[in-house]
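Peer 1: Structure for the following, please:
(one chain, ligands or ions: 1)
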Amino acid sequence: MSENPNHAQHDVAIIMGSQSDWETMLAASKCLEALHVSHDCHIVSAHRTPDRLVNFAKGAVDAGYKVIIAGAGGAAHLPGMVASMTRLPVLGVPVQSKALSGMDSLLSIAQMPGGIPVGTLAIGAAGAKNAGLLAAAILAVNDTALAERLDAWRAEQSAAVAEKPQ
Ligand SMILES: Nc1c(C(=O)O)ncn1[C@@H]1O[C@H](COP(=O)(O)O)[C@@H](O)[C@H]1O
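Peer 2: Numbering: from 1, shown residues only. Coordinates of the predicted model:
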């Protein structure tokens, strides 16, 4: 994870408030990897690294990102603060907190004031995985090859579900 997040061209940026969020946010990265969507991952915190946050969010369009996935736990201000400084779509992943099991993260991310949207996913790794899929779906609107990969991924998922319990 580099100090300057805006150094390379990737379609998706995955950012998270802390190293401790990585085990959750890894699910988003794995999903994008499986679909061959270029992305990079950074630790950016509204609370602990506010200058890094501003540099990242204000530079995100020029850096070439098209979608931002932001995961944070507890007082999860990161997704909303990033969304306030960029017009790129921001998908928020509430990381499961110890004290309140992620309800604090979920409400912090979902309850944005009208005017600055954050697309909020479910708490934890399932939310991170779905953020990856949603980012891919957004990009697939203008990318036929990616749309085909996404369709294939879904077909594979369906085929893997047994008809009867074993
Ligand atoms: N919610 C935020 C922000 C932010 O919103 O900017 N920065 C860090 N954090 C969160 O603090 C939690 C505990 O972090 P530590 O494990 O580092 O103490 C993490 O889930 C992180 O996302």
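Peer 1: And the residue nearest to the spatial centre of the chain, how far from P165?
Peer 2: Taking Cα atoms, centre = their mean, the centroid of the chain lies closest to I69, which sits 2.0 Å from it. From I69 across to P165, the span is 34 Å (Cβ to Cβ, to the nearest Å). No exception for glycine: its C-beta is placed from N, CA and C like everyone else's.
Peer 1: The ligand contacts on this structure?
Peer 2: Within the chain, the residues that sit near the ligand (Cβ under 6 Å from any ligand atom) are 17-18, 20-21, 45-48, 72-78, 95.
Peer 1: Now the buried members of those.
Peer 2: The neighbour count (16 or more other Cβ atoms under 10 Å) marks 17-18, 21, 45-46, 72-74, 76-78, 95 as buried among the residues of the chain next to the ligand.
Peer 1: Can you get me a residue count around Q19?
Peer 2: Q19: 9 surrounding residues under other Cβ atoms under 10 Å.
Peer 1: Also G127?
Peer 2: G127: 29 neighbours (other Cβ under 10 Å).
Peer 1: Tell me if I'm right that it and L91 touch.
Peer 2: No - between G127 and L91 there is no contact under Cβ atoms under 8 Å: 9.1 Å.
Peer 1: list residues touching both of these two?
Peer 2: L121 (Cβ atoms under 8 Å, 6 or more residues apart in numbering).
Peer 1: which non-adjacent residue is nearest A60?
Peer 2: The shortest distance from A60 to any non-neighbouring residue, by Cβ to Cβ, 6 or more residues apart in numbering, is to T86 (4.8 Å).
Peer 1: again with H36
Peer 2: Closest to H36 by Cβ to Cβ, 6+ apart is R149, at 6.5 Å.
Peer 1: What is the burial count for the residue lying closest to A122 once chain neighbours are set aside?
Peer 2: Distances taken as Cβ to Cβ, 6+ apart place N130 nearest to A122, at 6.6 Å, with adjacent residues excluded. Other residues lying near N130 total 18 when counted by other Cβ under 10 Å.
Peer 1: Which of the helices or strands spans N130?
Peer 2: Using DSSP states H and E, N130 sits in helix 125-140.
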